[in-house]
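Student: What shape does this take:
(chains A and B)
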There are 2 protein chains.
Amino acid sequence: MASTVSQPQQYGHPPPILLTLTILPISLYLIINPLLPLLLPQSLLDNIPPKYSLQDGQSSYPALQASIGFSLLAFVGVVWLVPKVSEAFVSKGLKGRDLLKPGGRVSGPWIPESLGLPCASLYLALMMLFIPFPFSHLFKKQTPLGPETFPQQELTLYLSSLLSLLTATLLGFIDDLFDIRWRHKLPIPIVAAVPTLLVYYSVGGVTSVVLPKGIGGWLSSLGLERWLDGNVVDLGPIYYLYLILLPTFTTNSINILAGINGVEVLQALIIALSVLINDLLFLPIWSSNLLRVLGFENPQNGRVLDWAIGEVVNRHLMSFYFMGPLVGVCLGFLWHNWYPAKAFPGDTFCYFTGMAFSAVAIQGHFSKTLILFFIPQIFNFILSCPQLFGLVECPRHRLPFYDEKTNLLNPSLVTFTSPPPLRTRIVLEILSFLRLVKLEYHDPAKDANERRYIKSSTNLTIINFLLVHFGPMREDRLCILVGFVQVMGSVVAFGVRYKVGSWFYGGDRR
Amino acid sequence: MASTVSQPQQYGHPPPILLTLTILPISLYLIINPLLPLLLPQSLLDNIPPKYSLQDGQSSYPALQASIGFSLLAFVGVVWLVPKVSEAFVSKGLKGRDLLKPGGRVSGPWIPESLGLPCASLYLALMMLFIPFPFSHLFKKQTPLGPETFPQQELTLYLSSLLSLLTATLLGFIDDLFDIRWRHKLPIPIVAAVPTLLVYYSVGGVTSVVLPKGIGGWLSSLGLERWLDGNVVDLGPIYYLYLILLPTFTTNSINILAGINGVEVLQALIIALSVLINDLLFLPIWSSNLLRVLGFENPQNGRVLDWAIGEVVNRHLMSFYFMGPLVGVCLGFLWHNWYPAKAFPGDTFCYFTGMAFSAVAIQGHFSKTLILFFIPQIFNFILSCPQLFGLVECPRHRLPFYDEKTNLLNPSLVTFTSPPPLRTRIVLEILSFLRLVKLEYHDPAKDANERRYIKSSTNLTIINFLLVHFGPMREDRLCILVGFVQVMGSVVAFGVRYKVGSWFYGGDRR
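Tutor: As a prediction, this is how the structure comes out:
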């Protein structure tokens, strides 16, 4: 099972047959169940007890049920699809060697690269097949939010999100295939976001933000009250600038916290789960007491803006429809990408997941909350800045250093052949003081004329930072540790969003 | 300019600089002009004579104007983009040799393949940027169709068409890259059509067709009147089956009428132009007298169904928005694909254009008219059937035979080593009687015991049929001839649609 070198034909980890056989019928049940009232004759339906039928009204969410079914199907599908297509990818040159394994760059086995493409394709196919569930006129009667007209506007947002995702997938794959240069890569997420943003604009999207309590009064006292509407300020084009930068941030920040098996996929998984949990909080399916016990106030209360509660619920339902299958895809791909990885995600995966996060946050009006879930990525980006902006030399990959003897990963180093300039020294000393890097100094004792100077520093990534603090460890343990940091980040995010946020914004937490 | 072997670096025909410099400002003017009232302050606008401003009301089509601008931009963009990306395609193995040139399979220059991808990408990018023009609330006032609410439903149809196109592009490119087997290829257009069809279904799409005059009465007399509503019959699921098969037909029928430089692109161009002309006929911009002089009745008159004239106009406007830039893309790519071809379209191009035709026809409710524009393809398909279904041996490419001495193309032959079976003989004799193939017979004189039998037949394609009739000719002349046949097909199609159709359907020509 573990040796790939002797069996070069075997791609991917063997799919779990028992798990598949358990999940598949459940997923099909969840998908077909909401369709039953449409497929079966009425006489048969009358014999079904009401709790199995959709006609019991207020509390059933047929599309949500189907969405969970599609999520399970996404997991099973990806687990089985990835090994099937791996050989085609390797034969077309979409392959790489795992640098952190015995043999590494030289004699390690070829591992298929860019397998984000089948993941994204399956995800998109399922999301397209899902369209009739929330948006068909046949289900109109069963929505729990009272009599409504056809949710045309939501269908528009759904379709534009799919368009953005498909664009991100296509551009990501073109990037993987043709190795687009770093400079030309940066606008890719912006291009992919165009459909979402244009539709957001075309349907007259909201461009106002709620200000924290104090700021509103302070701005009024500066004579700026004509820009304000209570605590709400309309940012207009500036808001669009922010929305344009959001996908660039979500895609690239996952892409630079990479390098060890499973870490990109695990990040995406935890962020998707966080968004999913946040969405569930907004659905009217919880008792207020339960939420209070868990430390949340009921997010339904205290909203002061002019939109209907129903619209907020709908937005988070839509976000759920996107995040559920994404969780399934991430879990399924993690099966093959987990240590020792048998498949690499490629840029396609990062573009596609990053775009999914942006799209739901823009359409669901919770971009600030989304950014909170990226705390580890933001920390990693800030830590990387001295290397990204040329203060410290930046090698192409800032992978940890793999020690073949112990099979452990160690922090990797940037070494200075000559004494670094003053500004580099200051930055590194500050980071060292904050215990974010480990510096080694040239030993001045050998030559009394020479001054003591920094000989090397660990690379400025969160992965090396963890290795500095917790010592050398195996690749899978390091990945779990990064995952733990991500989970802690999400815990902090929920705290900020639902505790600190309510102090600042006075109950209105858009 | 013509020799590529000595200059292997030069990809594509040199782009036309003067033409570009002429078209570019015109296209930008057409795109920016409708935006002026939004960008300039009102005081400036008051000084502009009303004919340049949009506020003159009923007869201006700002989005149509912008669409023409985008079409010109598509032409210029493709002409310049194709040579720029050609090298990357060749270096990734997306390349082929031109079999109908000196050197051919062995020593001919490599020509980049699958360049439908940049064409489709540019087209889709332009179509996305075009979204605000017809669908923005800012333009709402200027629609010539009176006060309306935001055209949400049309935006939905527009987005789902884009989704289908993007899916077709992605799948087409995956096919080009991984060489998907013929059997797995067939459902690709169906998968790509899923978004269009599901949205069509979700918004409660029409599934009824109008029957020819006589048929309705005949069905009523058979006791089937409960399925009929006057002359209209609701086909329900059968109509969806038809809509599913439509994209399979439009994509594959262009794909099998291929093999000589420029012929796929020229077909797509002429079909796109035909759809475009048909769309223009439905816009209320013509005087009835002009139409009558041209031999058309005014398509606005005589409609008996319950939809508003405005809706029909909107549908054909939308179709125009898709077909205009498609014409631009086809013309631009033809620049490089024309004899001697410097770029090949690949399956990506056929999938993407075929899907575009299907999408507009489904959304615009003119699928029967569209099929009429495919008369040469239908003829080619029927002619090919004996080879497709194994009655006559079918080589992989049924290209004409290239004679290096004369530089002319001749009909290519299927030769029979043994006497063909009876059913093959009957089919070929019938085709020969209809002058669709040219047969050669084994000479029985040499051996009196042997019977006279068919020794060879020309391949069963429209291209070989033309060569049989008009004699050997150069590749570009043959391509022009196919184009001429396609134009004649469209002329016949218009005749059937607007003359014969009105006899059959009694003025109601959906």
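
Student: Now do the helices in the stretch 51-200 of chain A.
Tutor: For the stretch 51-200 of chain A, helices defined by DSSP state H, counting those that start in this stretch occupy the ranges A:62-91, A:104-107, A:116-129, A:132-135, A:152-178, A:182-185, A:188-202.

Student: Repeat that for the stretch 201-350 of chain A.
Tutor: Counting by DSSP H, counting those that start in this stretch, the helices of the stretch 201-350 of chain A are A:213-221, A:237-256, A:263-282, A:288-293, A:309-337, A:346-364.

Student: Excluding residues flanking it in the chain, which one is nearest the residue of chain A found nearest chain B?
Tutor: When scored by C-beta to the nearest C-beta, chain A has residue A:159 as its residue closest to chain B, at 3.9 Å. The C-beta positions use only the backbone N, C-alpha and C, and glycine is treated the same way. Distances taken as C-beta to C-beta, 6 or more residues apart in numbering or on different chains place residue B:159 nearest to residue A:159, at 3.9 Å, with adjacent residues excluded.

Student: pretty sure that neighbour contacts residue A:161?
Tutor: No - using C-beta atoms under 8 Å, residue B:159 is not in contact with residue A:161, being 9.9 Å away.

Student: before we move on, back to that, with respect to burial, which of the helices of the stretch 201-350 of chain A scores highest?
Tutor: Burial of the helices of the stretch 201-350 of chain A is given as mean neighbour count (mean count of other C-beta atoms under 10 Å in any protein chain shown); helix A:346-364 ranks first at a mean of 28.

Student: so residue A:383 is in which element?
Tutor: Per DSSP states H and E, residue A:383 falls inside helix A:375-388.

Student: among the helices of the stretch 51-200 of chain A, where is the model least confident on average?
Tutor: The minimum mean pLDDT among the helices of the stretch 51-200 of chain A belongs to helix A:182-185 (a mean of 74).

Student: got the contact list for that helix?
Tutor: Residues outside helix A:182-185 that contact it (C-beta atoms under 8 Å, 6 or more residues apart in numbering or on different chains): A:175, A:347.

Student: can you give me how far it is from the chain middle?
Tutor: Relative to its parent chain, helix A:182-185 has a centroid offset of 21 Å by C-alpha atoms, centre = their mean, to the nearest Å.

Student: Give the buried residues for it.
Tutor: Using 16 or more other C-beta atoms under 10 Å in any protein chain shown as the test for burial, helix A:182-185 gives residue A:185.

Student: Contacts only, for residue A:206.
Tutor: Counting by C-beta under 8 Å, 6+ apart, residue A:206 touches residue A:365.

Student: what pLDDT does it get?
Tutor: Residue A:206 is assigned a predicted lDDT (pLDDT) of 73.

Student: what would the helices of the stretch 51-200 of chain A look like in TSV with distance to residue B:346?
Tutor: Output for the helices of the stretch 51-200 of chain A, formatted as TSV (distance: least, C-beta to C-beta, whole Å):
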stretch	distance to residue B:346
helix A:62-91	17
helix A:104-107	34
helix A:116-129	18
helix A:132-135	33
helix A:152-178	14
helix A:182-185	23
helix A:188-202	22
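
Student: Quick one: closest of these to residue B:378.
Tutor: Checking the helices of the stretch 51-200 of chain A against residue B:378 by C-beta to C-beta gives helix A:116-129 as the closest, at 29.6 Å.

Student: what angle do the closest one and helix A:309-337 make?
Tutor: Helix A:116-129 runs at 150 degrees relative to helix A:309-337, counting by axes from the mean of the first three to the mean of the last three C-alpha atoms, to 10 degrees.

Student: does any part of helix A:116-129 sit near chain B?
Tutor: Yes - contact of helix A:116-129 with chain B (C-beta under 8 Å from any C-beta of the partner chain) involves A:117, A:121, A:124, A:125, A:128, A:129.

Student: In that helix, which residues are buried?
Tutor: Buried-residue list, helix A:116-129, by 16+ other C-beta under 10 Å: A:116-124, A:126-129.

Student: which residues are contacting it?
Tutor: A:70, A:73-74, A:77-78, A:81-82, A:85, A:162, A:165-166, A:169, A:172-173, A:176, A:321-322, A:325-326, A:329, A:332-333, A:345-352, B:163, B:167, B:170, B:174, B:191, B:194-195, B:198.

Student: and residue A:148, what pLDDT?
Tutor: 48.

Student: ugh, wrong one, I meant residue A:50
Tutor: For residue A:50, pLDDT reads 47.

Student: same question, the one 10 residues further on
Tutor: pLDDT for residue A:60: 58.

Student: could you say what helices and strands the helix or strand hosting residue A:428 packs with?
Tutor: Using DSSP H and E, residue A:428 maps to helix A:422-433. Packing partners of helix A:422-433 (3 or more C-beta pairs under 8 Å, 6 or more residues apart in numbering or on different chains; DSSP states H and E): helix A:375-388, strand A:439-441, strand A:454-458.

Student: In a markdown table, list those along with mean pLDDT and mean neighbour count.
Tutor: Converted to a markdown table, the helices and strands packed on helix A:422-433 look like this (pLDDT from 0 to 100; neighbours: other C-beta atoms under 10 Å in any protein chain shown):
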| stretch | mean pLDDT | mean neighbour count |
| --- | --- | --- |
| helix A:375-388 | 91 | 18 |
| strand A:439-441 | 87 | 13 |
| strand A:454-458 | 88 | 21 |
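
Student: Those: which one's closest to residue A:211?
Tutor: Comparing the helices and strands packed on helix A:422-433 against residue A:211 with C-beta to C-beta, the closest turns out to be helix A:375-388 (21.9 Å).

Student: near chain B, which residues of the stretch 101-250 of chain A?
Tutor: Within the stretch 101-250 of chain A, the positions adjacent to chain B are A:117, A:121, A:124-125, A:128-129, A:131-132, A:135-137, A:150, A:152-153, A:155-156, A:159-160, A:162-163, A:166-167, A:169-170, A:173-174, A:177-178, A:191, A:194-195, A:198-199, A:201-204 by C-beta under 8 Å from any C-beta.

Student: before we move on, the earlier item: relative to residue B:33, which of the helices and strands packed on helix A:422-433 is closest?
Tutor: Using C-beta to C-beta, those put helix A:375-388 closest to residue B:33, at 42.5 Å.

Student: next helix or strand past that closest one?
Tutor: Next along from helix A:375-388, by DSSP H and E: strand A:401-403.

Student: That next one: partners in the sheet, and parallel or antiparallel?
Tutor: Strand A:401-403 has its sheet partners listed here by DSSP bridges as strand A:408-410 (antiparallel).

Student: buried ones in the strand it pairs with?
Tutor: Buried residues in strand A:408-410 (16+ other C-beta under 10 Å): A:408, A:409, A:410.

Student: what about that strand, average pLDDT?
Tutor: 93.

Student: contacting residues around that strand?
Tutor: Contacts for strand A:408-410 (C-beta under 8 Å, 6+ apart): A:100, A:260, A:400, A:401, A:402, A:403, A:467, A:472, A:473, A:474, A:475, A:478.

Student: pLDDT and neighbour count added to these, as JSON lines?
Tutor: Below are the contacts of strand A:408-410 laid out as JSON lines (pLDDT from 0 to 100; neighbours: other C-beta under 10 Å):
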{"residue": "A:100", "pLDDT": "87", "neighbour count": "21"}
{"residue": "A:260", "pLDDT": "91", "neighbour count": "23"}
{"residue": "A:400", "pLDDT": "91", "neighbour count": "26"}
{"residue": "A:401", "pLDDT": "90", "neighbour count": "16"}
{"residue": "A:402", "pLDDT": "91", "neighbour count": "19"}
{"residue": "A:403", "pLDDT": "90", "neighbour count": "12"}
{"residue": "A:467", "pLDDT": "93", "neighbour count": "24"}
{"residue": "A:472", "pLDDT": "94", "neighbour count": "16"}
{"residue": "A:473", "pLDDT": "94", "neighbour count": "18"}
{"residue": "A:474", "pLDDT": "94", "neighbour count": "13"}
{"residue": "A:475", "pLDDT": "93", "neighbour count": "24"}
{"residue": "A:478", "pLDDT": "95", "neighbour count": "25"}
